[in-house]
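> Sharing a sequence plus its predicted fold:
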Amino acid sequence: MHIQQFYDEGLAHASYAILSQGKIALVDPGRNPQLYRDFAQAQGGQIVAVIETHPHADFVSSHLEFHSQEGATIYVSKLVGAAYPHQSFDQGDVLPLGAISLQALHTPGHSPDSISILLRDEQGRDHALFSGDTLFIGDVGRPDLREKAGNLTAQREELAKMMFHTVQQKLKPLADDVLVFPAHGAGSLCGKNLSDARQSTIGEQRATNWAFSAPDEAIFVDTLLQGQPYIPKYFGYAVDLNKQGAPAYQESISKVSIWNEGATLPAGALVIDTRKQASFVAGHIPGAINLMNGGKFETWLGSIVGPEEKFFLVADTAAELEILIQKAAKIGYEAGIAGALVNPAGMTATGTSFDLAAFKANPEAYTLVDIRSRDEKAGTPIFDGALNIPLPELRERAHEIPQHKPVLIHCAGGYRSAAGVSIVANEVKQVPVLDFSEAIKDFQTAAH
């Protein structure tokens, strides 16, 4: 038996291949199937099964592609109402895999249709739990993503209560030495206090995870509901796409239209300019949003741009465009790319430089806009009186910003503020829109 974890840093997503006697089962695979195929080839194994713990909201799975091209059987709870060919896999169902077996546990809480997979080794002993978005290292999955999406919907309070009973009835009875392999780690938006550890044990979680020590249902529910992160625009779309089954990865990204360098974009098009801030400030398409290519690009893309919108991608090089298209495909957004290109014509708009000394001399002369999350602002306040509009809401709420003095945008480190300034500049025309950028770090230190 061999367990291989695949970790996507950008989405903080962990997926798994379980190998026994040449047979491989995948758990919650990401969009690009190639790394799993490479593993199978290197091990001389065959991918015969794909298990989905639930229809994920934060990434798009390749389960249907493995069924269509490898003939693998997809196992998922009947509660999902999956539209793709599948075998139901619910409480007590067992999947033999070589010399081991995989048993489904119904573990609702993150979603009504969540399952976890209990691996029993060659001796029939409980060896590992693939916990999906139910149990994380240090936390449990958020219960507020399925109020509007999926075959089964439930209010967050109802799901939080389900999670309490899942912990009490399904997780606590497991032995201390059972390994825990979750679907996400620190940085995921599927929970709030995830550890950066990649695996744990039930015993360790019993001792350190707050969910195991909550004294009663009411306290558990209150604790779980407090302080959950924002919900990106693409989450409901990803749930629905995963329920249907996504198109084959390589075929789908090959359909993205690559425009010639120097081409003229349609007037009024939504442009996502991924170049470095200095290049963007020096010249960009009027109205473009400066969402720099970085570690969380795909999450921010799906937070700022709605799944129904068409957009153009602009990058420095053709090689970077290829990477950006692949990142967009992780969340199913490759279908929304109207075109991708390098150095389009018409990059005539420029940014306005921020005079830090002038701000320090007279901070009252500026309208400060804090685009961090509400929890960030409450937990680490920087400027009293700053208007708080989180970046994912900025396109819809920029009109709320007063325009009687220069507008100064800040986040926590500079990445989000570059996007924020480009968004606000499209709405605020009467006064300059300025970026605090990395200079904000000095004020954070002072605030503490």
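Ah, there it is.
> Point out where the stretch 101-250 of the chain drops to low pLDDT.
Residues of the stretch 101-250 of the chain meeting the criterion pLDDT under 70: 148-153.
> That one: strands as residue ranges?
With DSSP state E, counting those that start in this stretch as the criterion, the stretch 101-250 of the chain has strands at 115-120, 126-132, 135-136, 139-140, 179-182, 200-201.
> Please apply the same query to the stretch 301-448 of the chain.
Under DSSP E, counting those that start in this stretch, the stretch 301-448 of the chain gives strands at 311-315, 337-342, 367-370, 387-388, 407-410, 433-435.
> so can I have CSV of the ones you listed showing mean pLDDT, distance to A207 and mean neighbour count?
(Glycine included, C-beta is placed from N, CA and C.) Shown next, in CSV, are the strands of the stretch 301-448 of the chain (pLDDT from 0 to 100; distance: least, CB to CB, whole Å; neighbours: other CB atoms under 10 Å):
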stretch, mean pLDDT, distance to A207, mean neighbour count
strand 311-315, 98, 46, 24
strand 337-342, 98, 47, 20
strand 367-370, 96, 38, 23
strand 387-388, 96, 37, 16
strand 407-410, 96, 40, 26
strand 433-435, 95, 45, 26
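> okay, the ones you listed in CSV with distance to A72 next?
Shown next, in CSV, are the strands of the stretch 301-448 of the chain (distance: least, CB to CB, whole Å):
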stretch, distance to A72
strand 311-315, 32
strand 337-342, 29
strand 367-370, 47
strand 387-388, 47
strand 407-410, 48
strand 433-435, 48
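> Quick check: which of those is nearest to G295?
With CB to CB as the measure, strand 311-315 is the member of these nearest G295 (16.0 Å).
> Now do the contacts for P432.
By CB atoms under 8 Å, 6 or more residues apart in numbering, the contact list for P432 reads T352, P406, V407.
> Looking at those residues, spot the one nearest R374.
Using CB to CB, V407 is the member of these that lies nearest R374, at 19.6 Å.
> so that closest one bridges to which residues?
Judged by DSSP bridges, the bridge partners of V407 are T367, V433.
> just checking, it touches L434?
Yes: using CB atoms under 8 Å, V407 is in contact with L434, at 6.8 Å.
> And for L313, nearest residue in space, chain neighbours not counted?
Closest residue to L313 apart from its sequence neighbours, by CB to CB, 6 or more residues apart in numbering: A340 at 4.2 Å.
> Against E334, how distant is the one you found?
Relative to E334, A340 is positioned 10 Å away (CB to CB, to the nearest Å).
> Common neighbours of these two, please.
V256, I325.
> three-state assignment of the closest residue to D8 other than its chain neighbours?
Ranked by CB to CB, 6+ apart and with sequence neighbours excluded, the top spatial neighbour of D8 is G30, at 5.7 Å. Secondary structure, DSSP: H, G, I helix; E, B strand; the rest coil: G30 is coil.
> residues in contact with G30?
By CB under 8 Å, 6+ apart, the residues touching G30 are F6, D8, L11, H13, S15, F59, V60, S61, S62, K330.
> which pair in those spans the largest distance?
F6 and V60 (15.0 Å).
> check which helix or strand covers the closest residue to I51 other than its chain neighbours.
Nearest non-adjacent residue to I51, counting by CB to CB, 6+ apart: Y75, 4.6 Å away. Secondary structure assignment for Y75, by DSSP states H and E: strand 73-76.
> For that strand, which strands pair with it and how are they oriented?
Sheet pairing of strand 73-76 (DSSP bridges) gives strand 46-51 (parallel), strand 87-88 (parallel).
> what's the longest helix in the protein?
helix 318-330 (DSSP state H).
> Mind listing what's buried along that helix?
E320, L321, L324, I325, K327, A328, A329, K330 (16 or more other CB atoms under 10 Å).
> Against S68, how distant is the third one?
According to CB to CB, L324 and S68 sit 26 Å apart.
> Now for A340: which residues touch it?
Counting by CB under 8 Å, 6+ apart, A340 touches V256, S257, I258, W259, F312, L313, V314, A315, L321, L324, I325.
> same thing but 6 Å
Contacts for A340 (CB atoms under 6 Å, 6 or more residues apart in numbering) come out as V256, I258, L313, L321.
> cool, and L105?
L105 neighbours (CB under 6 Å, 6+ apart): S116, L118, K170.
> surely the second one meets L102?
Read it as L118. No: checked against CB atoms under 6 Å, the pair L118 and L102 is beyond contact range at 7.2 Å.
> The two - which one has more neighbours?
More crowded of L118 and L102, by other CB atoms under 10 Å: L102, with 23 against 20.
> How far off centre is stretch 245-259?
20 Å (CA atoms, centre = their mean, to the nearest Å).
> in it, what counts as buried?
Of the residues in stretch 245-259, G245, A246, P247, Y249, S252, I253, V256, I258, W259 count as buried by neighbour count, 16+ other CB under 10 Å.
> then stretch 157-169 to PDB, C-alphas only?
Once non-C-alpha atoms are left out, stretch 157-169 reads as follows in PDB (Å, rounded to 0.1, in the frame of the first residue of the first chain):
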ATOM      1  CA  GLU A 157     -26.800  26.800  11.500                       C
ATOM      2  CA  GLU A 158     -28.300  23.500  10.400                       C
ATOM      3  CA  LEU A 159     -25.000  22.400   8.900                       C
ATOM      4  CA  ALA A 160     -23.000  23.500  12.000                       C
ATOM      5  CA  LYS A 161     -25.200  21.300  14.100                       C
ATOM      6  CA  MET A 162     -24.600  18.400  11.600                       C
ATOM      7  CA  MET A 163     -20.900  19.000  12.000                       C
ATOM      8  CA  PHE A 164     -21.100  18.800  15.800                       C
ATOM      9  CA  HIS A 165     -22.800  15.400  15.500                       C
ATOM     10  CA  THR A 166     -20.300  14.300  12.800                       C
ATOM     11  CA  VAL A 167     -17.400  15.000  15.200                       C
ATOM     12  CA  GLN A 168     -19.200  13.300  18.100                       C
ATOM     13  CA  GLN A 169     -20.500  10.200  16.300                       C
END
